[in-house]
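K.L.:
Need coordinates for the following:
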Amino acid sequence: MPPSQAATPLAILSRFLSSPSPPPLPALLRVHALAVTSGLSARPDLAAKLVSAYSSAGRPGLAALAFAASPSPDTFLWNSLLRAHHCASDFASALAAHRRMLTSDARPSRFTAPLAASAAAELGELHVGASVHGYCVRLGLLVGDGSVAVASSLVYMYARCGVVGDAVKVFEEMPQRDVIAWTAVVSGCVRNGECEEGLRYMVEMVRLAADGGARPNSRTMESGLEACRVLGELPSGRCLHGYAVKIRAGDSPLVVSALFSMYTKCDSTEDASVLFPELPAKDVVSWTSLIGAYCRRGFIGDAMELFQEMEDSGLQPDEVLVTCLLAGLGNSANAHGGKAFHGVIVRRNFGDSVLIGNALISMYSRFELVDVAGKVFRSLHQPDAESWSLMIVGYCKAGYDVKCLELYREMQFRYQDELLADANSLVSVISSCSRLAELRLGQSAHCYSIKHLLDDNSSVANALISMYGRCGNFDNAGKIFGVAKLKRDIITWNALIASYVHLGHSNDALSLYDQMLIEGLKPNSATLTSVISACANLAALERGEQIHSYVKEMGWESDVSISTALVDMYTKCGQLQIARRIFDSMIQRDVVSWNVMISGYGMHGEAKQALELFCEMEGGSVKPNGVTFLAILSACCYAGLVEEGRKLFIRMGKYSLEPNLKHYACMVDLLGKSGHLQEAEDMVLSMPIEPDGGIWGTLLSACKVHGNFEMGLRIAKKAVASDPGNDGYYILMSNSYGSVEKWNEIEEIRDMMKNYGVEKGVGWSAVGKCG
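P.N.:
Next up, the predicted model:
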């Protein structure tokens with residue numbers, strides 16, 4: 001039979017050109033071979049069809065081969081080649097073809113520009129994208145039919161290249177906008193950190209959609225919800241959730257995942273839990289997000305239940321999830337639960353993880369179990385910079401200042417400059433130096449901060465001011481304070497004011513406070529507490545009343561620290577009734593508040609009121625501490641209440657409090673003044689701690705008052721042996737000998753003073769200046 005007309009090469013190629021879908025690859029190769037052998041492969045329409053078919057088959061190389069057969073490709077054929085490379089994600093080849101196209105006779109069209117702009121966006125080639133924008137303007141591609149797609153691609157390109165301002169400008173100039181344009185500007189803003197702007201465009205799109213404008217799709221909703229997540233905009237996120245349900249986009253996997261991410265970031269555990277079962281895939285990341293939300297809200301029990309549920313599902317936790325749970329346990333102050341989970345971690349062989357080790361150090365530091373945190377730190381094979389920093393900060397916060405400095409010096413010695421202390425650890429080191437009055441070590445830390453450019457950090461500068469001030473080096477404190485002029489905040493002022501008050505420079509503290517007010521800064525609680533204490537030290541009642549009026553005006557009367565400072569100030573100024581009125585008005589009182597009021601009564605000889613207040617304290621929720629007992633014993637001492645003092649001294653054991661030197665000195669003073677000299681001496685001799693010169697001196701004074709010459713001499717010798725540089729003991733001995741006219745012994749005492757290099761102190765008086 002002769003071949004039918006349908007089987008001729010031209011008929012086969014015609015059917016290929018008219019077919020809406022490309023044939024399978026083997027058939028496509030036969031068609032291509034037929035086109036080449038029949039001499040028709042150079043036809044632009046056939047070449048374009050072959051390029052498009054190869055592109056759909058994922059064979060960009062063959063598409064380029066088909067393109068090369070055309071000696072003079074037109075715009076349509078160039079666009080087919082660009083699309084082939086673009087579909088294969090070969091953006092570099094797409095841009096190379098685009099460059100060749102621009103040098104040919106073919107003119108870019110509204111199909112060319114989006115392909116070229118998109119390829120430039122993916123490669124971050126801003127200059128190429130800008131050149132596409134240029135010819136789009138020159139050729140009028142941004143007006144008329146198809147201009148929306150061109151403009152949308154430019155918005156996407158500029159946003160992807162990080163020039164969000166130009167993306168917004170192109171978007172704002174668009175006369176018409178489709179969903180692609182809106183999605184490009186919303187996602188572009190969010191991707192570049194302009195989440196507020198992105199959310200604003202999202203809201204505007206929703207508003208215009210109600211009037212017939214483009215309606216958001218799942219990609220737009222995803223970007224809008226991401227903006228809400230980053231901004232913590234839970235109300236806006238809930239509104240978008242409702243809108244997504246309304247437009248039937250709420251079931252989209254993209255939208256569900258974005259909603260879940262937004263709710264977990266905003267710690268909305270109820271909403272996140274509802275969405276969790278709808279997630280398209282529940283991996284460790286999604287479990288971590290939900291568990292993390294529960295941990296941040298303090299629902300550690302629910303978090304642990306979810307952790308167990310995840311393990312039951314067959315998934316194994318990773319380091320991030322474990323550290324998340326450890327952080328939650330640390331915030332919950334559940335030391336028992338934290339230790340139990342630590343055991344789980346050890347059994348799961350997470351022990352070598354530095355990330356988990358750091359989380360354990362942080363957790364135990366929050367539990368104030370710093371010794372355990374130290375053991376975890378020492379168990380790390382290769383602690384990183386964060387490990388050292390967490391441990392140094394932990395020691396400082398727990399008051400282990402010596403260990404804090406030792407660890408810092410160990411880090412310096414071991415790593416030299418390979419491992420650098422961060423601002424947090426340096427602040428802790430400087431604070432420990434401040435509390436220990438270790439000026440030289442503090443200066444060393446200061447040098448380190450300058451060397452590593454950390455002295456410009458405001459927290460470091462504030463710590464340095466406080467350290468130098470508390471060590472009495474106000475010159476350096478003032479210099480740093482002056483250098484920080486442009487950056488100093490209220491904490492900077494507080495550091496220097498508190499240092500002045502701490503060392504008794506109360507007038508300087510009040511002058512600095514006045515300067516701060518002149519410069520327009522508003523004091524905070526710490527500022528007012530310090531300046532009220534300065535007024536108390538100076539017994540400056542009028543100034544204290546002025547500050548009290550300011551406290552009332554600002555509504556800070558409920559602040560425990562400020563109210564306590566006011567009680568202290570008024571008691572030291574002799575205004576016990578006002579002090580008690582403030583004390584009684586306090587909604588909350590800590591142990592310091594009680595101590596100040598009890599001490600105030602004691603110093604003014606109101607022992608009865610002090611004892612009544614102490615009994616009231618014992619009946620409440622705040623338990624007395626060592627300072628409380630010192631205050632009430634002092635009150636008994638002033639009033640000569642021996643029996644009450646004895647009972648109170650014994651009662652310290654009820655609160656597991658061990659008396660220190662000050663408590664013993666107070667009891668010795670009480671017993672001695674009331675004539676119980678032998679009991680006082682017996683107490684000193686039976687003390688579990690070595691008595692200092694102060695206790696012997698107190699007993700010596702009592703012996704002189706009561707004329708017990710023999711005991712006085714015995715005690716005096718012990719007082720001098722304990723503190724040979726104290727001129728007061730020699731004077732008391734001399735006065736005792738003088739009272740019985742033993743002049744030779746007085747000369748011996750004077751010789752003894754010369755031998756020890758002790759000189760009698762010069763008396764002085766302070767005179768207040770009025771007017």
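K.L.:
correct me, but S153 touches S118?
P.N.:
Yes: between S153 and S118 there is a contact at 5.7 Å, judged by C-beta atoms under 8 Å. Where C-beta positions appear, they are placed from N, C-alpha and C, glycine not excepted.
K.L.:
How many residues are close by D456?
P.N.:
As a burial measure, D456 scores 13 neighbours (other C-beta atoms under 10 Å).
K.L.:
what about it, which SS state?
P.N.:
Recorded secondary structure, D456: coil (DSSP: H, G, I helix; E, B strand; the rest coil).
K.L.:
Spell out the residue ranges of the strands in the stretch 1-150 of the chain.
P.N.:
Taking DSSP state E, counting those that start in this stretch as the criterion, the stretch 1-150 of the chain carries no strands.
K.L.:
Helices of that one, start to end?
P.N.:
Applying DSSP state H, counting those that start in this stretch to the stretch 1-150 of the chain gives helices spanning 9-18, 25-37, 44-56, 60-68, 75-87, 91-103, 112-123, 126-138, 147-160.
K.L.:
ranking these by mean pLDDT, which is last?
P.N.:
When the helices of the stretch 1-150 of the chain are compared on mean pLDDT, helix 9-18 scores lowest, with a mean of 73.
K.L.:
Which stretches in the stretch 401-550 of the chain count as helices?
P.N.:
Going by DSSP H, counting those that start in this stretch, the stretch 401-550 of the chain shows helices at 401-415, 423-436, 439-451, 458-470, 474-483, 490-502, 506-518, 525-538, 541-554.
K.L.:
And L81, how close does it get to V51?
P.N.:
Applying C-beta to C-beta, to the nearest Å, the value for L81 to V51 is 6 Å.
K.L.:
Now do the shared contacts for those two.
P.N.:
In terms of C-beta atoms under 8 Å, 6 or more residues apart in numbering, L81 and V51 are both contacted by the residues 63, 67.
K.L.:
Correct me if wrong: G374 contacts L390.
P.N.:
No: counting by C-beta under 8 Å, G374 stays clear of L390, with 10.9 Å between them.
K.L.:
Show me which of those two is the more surrounded one.
P.N.:
Shown here are G374 and L390; by other C-beta under 10 Å, L390 has more neighbours (25 against 19).
K.L.:
Ignoring the adjacent residues along the chain, who's closest to the more buried one?
P.N.:
I361 (4.6 Å; C-beta to C-beta, 6 or more residues apart in numbering).
K.L.:
quick one: the helices in the stretch 251-400 of the chain?
P.N.:
Applying DSSP H, counting those that start in this stretch to the stretch 251-400 of the chain gives helices spanning 253-265, 269-275, 284-296, 300-312, 319-332, 335-347, 354-366, 370-379, 385-397.
K.L.:
Kindly report the same for the stretch 651-771 of the chain.
P.N.:
For the stretch 651-771 of the chain, the helices defined by DSSP H, counting those that start in this stretch occupy 661-673, 677-685, 693-705, 709-722, 727-739, 743-756.
K.L.:
Now A385: closest residue in space, sequence neighbours ignored.
P.N.:
Once flanking residues are discounted, A385 sits nearest to L419: 5.3 Å by C-beta to C-beta, 6+ apart.
K.L.:
what does the model give S736 for pLDDT?
P.N.:
64.
K.L.:
Hmm, N507 is touching L538, no?
P.N.:
Yes: N507 is within contact range of L538, at 7.0 Å (criterion: C-beta under 8 Å).
K.L.:
Between those two, which has more neighbouring residues?
P.N.:
The neighbour count for N507 versus L538, taken as other C-beta under 10 Å, is higher for L538 (19 against 13).
K.L.:
Give the closest residue to that one in space, chain neighbours not counted.
P.N.:
Once flanking residues are discounted, L538 sits nearest to S506: 4.9 Å by C-beta to C-beta, 6+ apart.
K.L.:
Quick check: the gap between the one you found and F481.
P.N.:
Taking C-beta to C-beta as the criterion, S506 is separated from F481 by 18 Å.
K.L.:
wait, what's in contact with T571?
P.N.:
Going by C-beta under 8 Å, 6+ apart, T571 touches 579, 596-597, 599-601, 603-604.
K.L.:
circling back to that earlier point, higher neighbour count, S153 and S118?
P.N.:
Using other C-beta under 10 Å as the criterion, S153 and S118 rank with S153 on top: 28 against 21.
K.L.:
How about the contacts made by the more buried one?
P.N.:
Contacts for S153 (C-beta under 8 Å, 6+ apart) come out as 113-114, 117-118, 121.
K.L.:
most neighbours, which of those residues?
P.N.:
Going by other C-beta under 10 Å, A117 tops the contacts of S153 with 29 neighbours.
K.L.:
on that earlier part again, please identify which of the contacts of S153 is nearest to L611.
P.N.:
A121 (81.0 Å; C-beta to C-beta).
K.L.:
Verify the stated contact: that closest one with R160.
P.N.:
Yes: counting by C-beta under 8 Å, A121 touches R160, with 3.8 Å between them.
K.L.:
Against C404, how distant is the residue nearest to G394 when sequence neighbours are not counted?
P.N.:
Of all residues not flanking G394 in the chain, S365 sits nearest, at 3.5 Å (C-beta to C-beta, 6+ apart). Here the distance between S365 and C404 works out to 12 Å (C-beta to C-beta).
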